[in-house]
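Asks: got a predicted structure here, sequence first:
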Amino acid sequence: MVKLFCAIVGVAGAAFPVDIDAEQSVGDLKKAIKAENPATITGDAKDLQLFLAKKDGAWLKDDDPAALELEEGKTHQDIQTVIDGEKMKATWTIEDVLTANNMTKRKGRAPKSRQIHVLVVVPEGAVGSASETSRMDQVVQEVHEIHAQTVLTKRKTYVHSKVGSTEYKELLDAFNIKVQPVRKAAAKWGEVKGFTWDMKLSEEKQKDEYREYVDSNIGELLQEEKLCVFGVENTTDILRVVVNGSNIELRGRTDLLILSDIVMESADYALDLPEVRMLIVVKKKVERQSVFQAMSELIALALLADDPVVALLTDFNGDWRFFWVAGKENNTTCVNKVNITNPGEAFELIRQLLKPTDIMTPVLQDPVKRQKLSRVLPSISEASESGGIRESIERYYDIASCLGPDLDMARAVARQVTRSIPTLSYFS
C-alpha cells in the first residue's frame with residue numbers, strides 16, 4: 001500500500017492523502033481522488049489529469065514556495081512547469097509510474113510524509129458548487145493582491161539621466177506612447193555654424209558658452225515673445241513629477257529651458273516653469289541612451305507644463321532631434337519626432353515651435369500639431385480611473401473588516417479592475 005499526498009491545482013485547500021495499492025492503476029487513483037472530494041470534483045474521474053509533483057528530480061516538499069501557493073489556490077511557475085509536462089497514463093500501475101520516474105524505495109525516493117506526490121488538474125466546469133468557500137477565498141485573495149499592487153505598491157522612480165532601454169520601453173507602455181517620425185520639406189537654409197566644443201571639457205563646464213550659442217541665434221524671437229534660454233543646472237529636480245493615478249515618479253533635470261524671461265528677475269521663478277515652451281538636452285555626442293533621457297524629460301515636462309512643449313536633443317552641430325506630443329490615435333498617444341542635420345534648418349524650426357499655437361513651418365511638410373499630454377492620457381489625468389479603483393478596494397477592505405468577505409462586492413471590484421487592465425497592466 002502506498003500513501004500519496006495529492007493537491008488539486010487552482011483550488012485552495014490542503015493536500016489530502018490517498019491510500020492505494022502499488023499494483024492498482026492510475027485510473028483507480030483517479031477514482032480514489034474523486035471519492036475523497038465528491039463536493040469539489042463533480043465531473044467524471046476519468047477526465048482528471050494527474051501529474052507527479054516533482055521538482056529538480058525530487059518530490060515537492062510541503063513547505064516549498066510552490067506548495068504554499070498551491071495551498072492558497074495559486075499556480076506557481078514550478079507547478080505550471082509540471083502540469084505542462086507529461087500526464088500520468090491511466091493504464092499504468094502506480095508501481096509503473098514510480099519506477100519509470102526513479103521515485104522508488106530502491107532509489108531512495110519512495111513517497112513519504114511532508115511531501116506532495118500528485119498534482120490534480122480538474123477539467124474546467126467540473127469544480128462543484130460546494131467549493132463556493134474555496135472560490136470565495138480565491139476572489140478575496142485576488143482582491144488582496146490587487147490591493148497590494150494598486151494601493152501599497154512601492155513607487156517606481158525613473159531618473160531621467162539614468163533611463164535605459166528597459167525603462168524607456170516601460171514608460172512607452174505605461175503611457176501608451178507611439179513615436180512617429182514626420183517628413184521634412186525640401187528647402188535650403190541660411191548657413192549657421194555649429195557649436196565648437198572643447199573636447200577636453202564636459203558639457204557641464206561649457207554650459208554658459210552653449211547657452212549663449214542658442215541665445216545668439218534666436219535672440220530676436222526670444223525678445224519678441226518675452227522668453228529666454230535658461231540653464232537649470234542648479235535645480236536638481238526641476239522635472240520631478242508624480243503621475244496621478246499611478247505609482248510612477250519621474251525626476252531629474254534637463255540642461256536648458258526656454259521659458260518666460262521673468263526668471264531673469266529671480267532664478268526661483270524657474271521652479272514654477274512659467275510659460276515654458278521647450279527643453280534642450282545637450283550632448284557632445286548624441287547616443288541611443290540620450291534619446292531615452294530626452295523622452296523621459298519630455299513626458300515629465302509635458303505633465304508639468306500648462307501648455308504643449310517640445311524636447312530637443314542635440315549636439316549643436318549635425319544632430320538635432322525634436323520631439324513633441326502630437327495627439328491621440330486609437331487610444332494611443334502619438335509623439336512626433338524629426339531629425340535635422342543642418343543647424344540653420346534646426347534654428348528655423350525652433351523659431352516656429354516657440355510660437356504658442358499649431359503652425360505651418362517651411363521645415364516640415366505637414367502642419368505641426370501639439371497637445372498637452374494630460375489631454376491625450378485620460379487614464380493619467382485628474383479623473384484617473386485607477387484612483388477610483390483604489391477607493392473601491394479600500395472601501396471593500398473597510399466593509400470586509402466589519403462584516404467579513406462579501407463575494408458579490410469582491411466580484412464587482414474585480415470587474416472594475418478588469419475594465420481598467422489596459423491602464424494598470426504596467427503597474428501590476
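Replies: All right, it came through fine. Numbers count the residues shown, from 1 in each chain.
Asks: so where's the stretch 51-200 of the chain uncertain?
Replies: 125-154 (pLDDT under 70).
Asks: one more pass at 90, please.
Replies: 73, 105-108, 123-156, 174, 183-191, 199 (pLDDT under 90).
Asks: tell me the confidence at the residue lying closest to Asp28 once chain neighbours are set aside?
Replies: Spatial nearest neighbour of Asp28, chain neighbours left out: Ile20 (6.5 Å); criterion: Cβ to Cβ, 6 or more residues apart in numbering. Glycine gets a C-beta too; all of them are placed from N, C-alpha and C. Note for Ile20: predicted pLDDT of 96.
Asks: hang on, Ile20 packs against Val97?
Replies: No. In this structure Ile20 lies outside contact range of Val97 using Cβ atoms under 8 Å: 11.3 Å.
Asks: ok, residues contacting the strand or helix carrying Cys228?
Replies: Using DSSP states H and E, Cys228 falls within strand 227-231. Counting contacts by Cβ atoms under 8 Å, 6 or more residues apart in numbering, the residues outside strand 227-231 that touch it are 207-208, 211, 214-215, 218, 221-222, 255-261, 263-264, 270, 275, 277, 280, 354.
Asks: try it again with 7 Å
Replies: Strand 227-231 has contacts (Cβ atoms under 7 Å, 6 or more residues apart in numbering) with 207, 211, 214-215, 222, 256-261, 263-264, 270, 277, 354.
Asks: just these: which are in helices?
Replies: Among the contacts of strand 227-231, the ones falling in helices (DSSP state H) are 207, 211, 214-215, 222.
Asks: could you pull out the helices for the protein?
Replies: Going by DSSP H, the chain shows helices at 26-36, 65-71, 77-83, 94-100, 132-147, 165-174, 207-225, 288-304, 343-353, 385-403, 407-419, 421-424.
Asks: how close does Leu298 sit to Val281?
Replies: Separation of Leu298 from Val281 (Cβ to Cβ, to the nearest Å): 9 Å.
Asks: what touches both of the two?
Replies: By Cβ under 7 Å, 6+ apart, the residues touching both Leu298 and Val281 are Ala311.
Asks: burial measure for the residue nearest to Phe51 when sequence neighbours are not counted, as a count.
Replies: Residue nearest to Phe51 in three dimensions, not counting chain neighbours: Leu119, with 4.5 Å by Cβ to Cβ, 6+ apart. Neighbourhood size, Leu119 [other Cβ atoms under 10 Å]: 23.
Asks: for Lys285, give me its contacts.
Replies: So Lys285 contacts Asp315 (Cβ under 7 Å, 6+ apart).
Asks: can you give me phi and psi for it?
Replies: Phi and psi for Lys285, reported as degrees, to the nearest 10, are phi -140, psi 120.
Asks: gap between it and Asp319?
Replies: From Lys285 across to Asp319, the span is 8 Å (Cβ to Cβ).
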